[in-house]
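Q: Fold the following and give me the result.
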Amino acid sequence: MPELPETETIARDLQARVRGASVRDVTVLRDDVLRGANAGELAEHVTGCTIAAVWRRAKLIVLDLEAPRASGSNHCGHAITRAGHIVVQPRFTGSLLVDDGTLPEGLADYLTVTFTLHDGRALHYRDVRRLGTVSWMNPARFAEYQRTLGPEPLDDEFTATTLRAALGDSSRVIKAALMDQHRLAGVGNIYATEALWAAQIDPSRETRSLVEPEWVALHDALRRILTASITARGTSFRDYRDASGERGDFVRQLQAYGREAQPCARCGKRLIATHAVDGRNTVFCAYCQR
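A: Numbers count the residues shown, from 1 in each chain. The predicted structure is shown next:
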């Protein structure tokens with residue numbers, strides 16, 4: 001958490017709000033979140049660059065940067081570097097916030113990195129537990145990293161056949177396979193739990209035991225639920241916030257995750273919670289998930 005819908009929501013917000021802005025200054029308050037560059041190197045790479053685009057890959061928020069057009073040095077006197085990418089992995093408690101002076105109270109706490117923009121606004125990376133990361137990657141490093149990630153479940157060409165090809169030969173339980181970012185990008189505990197409930201598949205089943213109709217049901221459930229969550233701007237239990245500091249609303253539509261001991265919306269039996277499936281809290285219906 002945040003997973004695909006939450007990072008997609010943040011990326012879309014940032015694309016609308018900071019695309020085309022240039023970075024005037026970089027302030028690192030907690031350098032333990034940095035990867036690929038230390039505080040000084042990050043400032044050298046980023047200061048004076050323009051944010052050309054913001055998008056999502058898996059559970060990552062990617063800021064594409066364009067280097068200054070002038071040769072020699074940028075307006076702050078730093079050496080010109082090649083364009084690259086800021087890659088943010090929020091993990092459990094991270095968020096990227098646009099600060100134009102209207103952030104909700106309390107969200108200026110736990111800041112780790114601040115990018116001051118040319119128009120006076122700031123883009124903060126906030127992380128309560130500092131388990132997320134802010135990485136600098138040059139184009140070659142980013143291309144190499146992307147090759148380690150699985151297919152995107154909302155891509156047009158992603159079919160039930162694609163899903164089966166990505167996961168189907170695994171002896172792992174299906175819930176763990178769904179969350180393996182090398183096999184399938186963007187899905188974590190919330191949406192694996194929800195998709196398996198919707199497809200009526202026991203999360204402890206061996207992946208290779210699924211048959212064709214189950215792959216079709218799982219594919220359809222996954223795409224429908226991820227799309228619905230994006231429409232609701234993600235799921236907020238505690239820490240997730242969008243780029244304006246607001247909460248997501250998909251929590252109202254959850255059928256399994258976070259509903260242990262409550263009645264199953266499909267059959268009325270009590271939902272069960274266990275850590276035995278993959279070491280995480282897994283909620284499912286033992287009666288109608290087979």
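Q: Could you give the number of residues near Asp32?
A: Using other C-beta atoms under 10 Å, the number of residues around Asp32 comes to 11. Backbone N, C-alpha and C define where each C-beta goes, glycine included.
Q: Average pLDDT for stretch 27-47, rounded please.
A: The predicted model gives stretch 27-47 an average pLDDT of 97.
Q: Quick one: residues in contact with that stretch.
A: The contact list for stretch 27-47 (C-beta atoms under 8 Å, 6 or more residues apart in numbering) reads 23-26, 65, 74, 76, 78-79, 81, 84, 86, 94, 111-116, 125, 127, 130, 132-137, 141.
Q: Next up, the contacts around Ile272.
A: The neighbourhood of Ile272, defined by C-beta under 8 Å, 6+ apart, consists of 260, 283-286.
Q: care to break this protein down by domain?
A: By the record's domain assignment, the chain is partitioned as 4-146, 160-284 (automatic domain parsing).
Q: what about the last one, start to end distance?
A: Which is domain 160-284. Across its full length, domain 160-284 reaches 22 Å between end residues, using C-alpha to C-alpha, to the nearest Å.
Q: avg pLDDT for that domain?
A: So the average pLDDT for domain 160-284 ends up being 95.
Q: where does that domain sit relative to the chain's centre, distance-wise?
A: The chain centroid and the centroid of domain 160-284 are separated by 15 Å under C-alpha atoms, centre = their mean, to the nearest Å.
Q: re the thing from before, format the domains of the chain as JSON lines; extra columns: distance to Leu154.
A: Conversion of the domains of the chain to JSON lines gives the following (distance: least, C-beta to C-beta, whole Å):
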{"stretch": "domain 4-146", "distance to Leu154": "7"}
{"stretch": "domain 160-284", "distance to Leu154": "6"}
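Q: Identify whichever of those lies nearest to Glu152.
A: Proximity to Glu152 (C-beta to C-beta) singles out domain 160-284 among the domains of the chain, at 5.2 Å.
Q: Do a quick rundown of the strands in the stretch 51-200 of the chain.
A: Taking DSSP state E, counting those that start in this stretch to define them, one finds strands in the stretch 51-200 of the chain at 60-66, 85-89, 94-99, 111-117, 122-127, 133-137.
Q: same for the third one, what does it pack against?
A: Just to be clear, that refers to strand 94-99. Contacts of strand 94-99 with other secondary structure elements, assessed using 3 or more C-beta pairs under 8 Å, 6 or more residues apart in numbering; DSSP states H and E, are made with helix 4-18, strand 122-127.
Q: again with the fifth one
A: Under the contact criterion of 3+ C-beta pairs under 8 Å, 6+ apart, the helices and strands touching strand 122-127 comprise strand 94-99, strand 111-117.
Q: out of those strands, deepest packed?
A: Using mean count of other C-beta atoms under 10 Å, the stretch among the helices and strands packed on strand 122-127 with the largest mean neighbour count is strand 94-99, at a mean of 24.
Q: quick one: that strand to strand 111-117, angle?
A: Between strand 94-99 and strand 111-117, the angle comes out at 40 degrees (axes from the mean of the first three to the mean of the last three C-alpha atoms, to 10 degrees).
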